[in-house]
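A.B. asks: Sequence isn't available, so here's the structure alone:
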């Protein structure tokens with residue numbers, strides 16, 4: 001039969017299969033930004049940032065949905081004043097009938113995301129996650145048996161219990177809880193001054209540090225008790241999926257200066273600057289698309305000889321020089337743009353698999369920096 005059209009929800013589900021929202025930093029905004037899940041989509045435009053130019057391009061190309069890496073609504077907007085940039089972009093998309101979704105820090109960390117694409121474009125081999133991953137905590141809570149499922153689902157929905165390629169992992173054991181409500185308590189079960197016992201479930205689930213606050217809020221709101229008994233443990237193991245960067249080896253060692261030139265050529269950066277002795281031999285290279293300067297010590301510890309990233313700061317450069325560690329700044333824009341074409345290919349292939357007739361287009365915006 002004829003292929004059916006995709007919806008915004010279908011495309012968002014495919015994006016989030018590649019880049020699970022549980023990988024995103026707590027402060028981030030990922031997913032649906034403008035529109036609704038059920039809207040039909042026959043043409044998708046992918047761009048790095050939701051700029052006015054990208055919005056106008058989406059309307060001009062008759063796209064139904066714009067997918068960007070950077071979010072449009074990261075900061076709250078006070079008013080839709082169409083003389084202001086963000087509101088103007090929203091107005092352009094809404095008037096043009098274009099929805100907007102994004103995948104930001106979840107796409108940075110994802111297998112096959114921004115940093116894997118950058119490592120691949122630079123020709124790195126034996127690529128592994130850079131850094132120890134994100135610190136893990138374990139939430140342990142006791143719940144009256146008849147409210148167990150509500151709390152378990154609330155924790156799962158808040159991103160607790162993600163372990164590798166599995167989500168919603170938790171463990172439950174049944175037992176008896178004892179307590180005595182005191183004066184001033186508003187007890188859900190039992191009466192003031194009398195010991196009560198209740199059939200309870202002890203539920204435990206791991207959660208990444210960035211998801212802890214959200215998970216605790218969800219738990220407390222779903223739990224029937226005025227003061228739930230909750231323990232949060234520090235774990236020594238970490239979530240390897242939480243690693244932002246990657247580290248890999250060059251097929252052949254190169255000098256820092258020639259590597260910097262090679263990076264510029266491979267990712268088509270308008271300009272590249274490097275920190276360190278240009279003659280230094282580089283074999284192992286760390287990468288972090290966007291603003292990854294803070295990762296340089298992690299890169300040094302991992303055995304890398306250099307870090308390729310963007311947005312490097314002066315003091316970061318000075319510190320790296322002191323340690324004899326090489327840095328290559330190829331720009332925020334160019335180090336992230338590597339993901340656009342692989343993402344387009346992935347979505348075209350996966351939407352065909354679900355029987356959706358989807359046209360996928362990429363808009364390559366120019367880097368805002370000009371080099372002399």
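C.D. replies: It's in. Predicted, not measured: the structure shown is a model, and the values here were computed from it.
A.B. asks: For the residue nearest in space to the middle of the chain, give me the pLDDT.
C.D. replies: The centroid of the chain falls nearest to residue 106 when counting by Cα atoms, centre = their mean (1.6 Å). Predicted confidence (pLDDT) for residue 106: 94.
A.B. asks: Skip the chain neighbours and tell me the closest residue to residue 34.
C.D. replies: residue 100 (4.1 Å; Cβ to Cβ, 6 or more residues apart in numbering). Using the backbone N, CA and C atoms, a C-beta is placed for each residue, glycine as well.
A.B. asks: What of residue 89?
C.D. replies: residue 55 (4.9 Å).
A.B. asks: quick one: that neighbour is in a strand?
C.D. replies: No: applying DSSP: H, G, I helix; E, B strand; the rest coil, one finds residue 55 to be helix, outside a strand.
A.B. asks: Tell me the helix or strand right after the host helix or strand of the residue nearest to residue 34.
C.D. replies: If you go by DSSP states H and E, residue 100 is part of strand 99-102. Counting by DSSP H and E, the next helix or strand C-terminal to strand 99-102 is helix 105-109.
A.B. asks: Please list the outside residues in contact with that next one.
C.D. replies: Applying Cβ atoms under 8 Å, 6 or more residues apart in numbering, the external contacts of helix 105-109 come out as 15-16, 18-25, 28, 30, 69, 113-115, 241-244, 289-290, 339, 343.
A.B. asks: Need the buried ones from those selected in PyMOL.
C.D. replies: Buried members of the contacts of helix 105-109, defined by 16 or more other Cβ atoms under 10 Å, are picked up in PyMOL with:
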select buried, resi 15+16+18+19+20+21+22+23+24+25+28+30+69+113+114+115+241+242+243+244+289+290+339+343
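A.B. asks: Tell me who's in contact with the nearest residue to residue 110 once chain neighbours are set aside.
C.D. replies: Nearest in space to residue 110, with sequence neighbours left out and distances taken as Cβ to Cβ, 6+ apart, is residue 19 at 3.9 Å. Shown in contact with residue 19 (Cβ under 8 Å, 6+ apart): 30, 103, 106, 107, 109, 110, 113.
A.B. asks: Tell me how many other residues crowd the second one.
C.D. replies: When neighbours are counted by other Cβ atoms under 10 Å, residue 103 registers 29.
A.B. asks: thought the residue nearest to residue 34 was touching residue 64?
C.D. replies: No: at 10.7 Å, residue 100 and residue 64 do not qualify as touching, with contact defined as Cβ atoms under 8 Å.
A.B. asks: which strand is the longest one in this structure?
C.D. replies: strand 196-208 (DSSP state E).
A.B. asks: Only the buried residues of that one, if you could.
C.D. replies: Neighbour-count burial for strand 196-208 [16+ other Cβ under 10 Å]: 198, 200, 201, 202, 203, 204, 205, 206, 207, 208.
A.B. asks: Likewise for stretch 75-91?
C.D. replies: Residues of stretch 75-91 classed as buried: 86, 88, 89, 90 (neighbour count, 16+ other Cβ under 10 Å).
A.B. asks: And that stretch, end to end?
C.D. replies: 17 Å (Cα to Cα, to the nearest Å).
A.B. asks: ok so, going back, least confident of the buried residues of strand 196-208?
C.D. replies: residue 208 (89).
A.B. asks: how much space between that one and residue 238?
C.D. replies: Distance of residue 208 to residue 238, given as Cβ to Cβ, to the nearest Å: 9 Å.
A.B. asks: looking at this, residue 16 is in a strand?
C.D. replies: No: assessed by three-state DSSP, residue 16 does not belong to a strand; its assignment is helix.
A.B. asks: Need the pLDDT of it.
C.D. replies: Value listed for residue 16 in the pLDDT field: 91.
A.B. asks: again, but for the one 10 residues further on
C.D. replies: In this prediction, residue 26 carries a pLDDT score of 81.
A.B. asks: Please apply the same query to residue 191.
C.D. replies: 88.
A.B. asks: isn't it right up against residue 179?
C.D. replies: No: counting by Cβ under 8 Å, residue 191 does not reach residue 179; the two are 11.5 Å apart.
A.B. asks: Neighbours of residue 227, how many?
C.D. replies: Neighbour tally, residue 227, other Cβ under 10 Å: 12.
A.B. asks: same deal with the one 10 residues further on?
C.D. replies: Around residue 237 sit 10 other residues, with neighbours defined as other Cβ under 10 Å.
A.B. asks: On the three-state scheme, the closest residue to it other than its chain neighbours is what?
C.D. replies: Of all residues not flanking residue 237 in the chain, residue 136 sits nearest, at 6.1 Å (Cβ to Cβ, 6+ apart). Under three-state DSSP, residue 136 falls in the strand class.
A.B. asks: Could I get the pLDDT score of the nearest residue to residue 309 once chain neighbours are set aside?
C.D. replies: Leaving out its chain neighbours, the residue that sits closest to residue 309 by Cβ to Cβ, 6+ apart is residue 292, at 3.6 Å. Looking at residue 292, its pLDDT is 96.
A.B. asks: before we move on, the earlier item: more crowded one of residue 191 and residue 179?
C.D. replies: Taking neighbours as other Cβ under 10 Å, residue 191 and residue 179 compare with residue 179 leading, 17 against 10.
A.B. asks: So that one versus residue 144, what's the distance?
C.D. replies: Distance from residue 179 to residue 144, counting by Cβ to Cβ: 11 Å.
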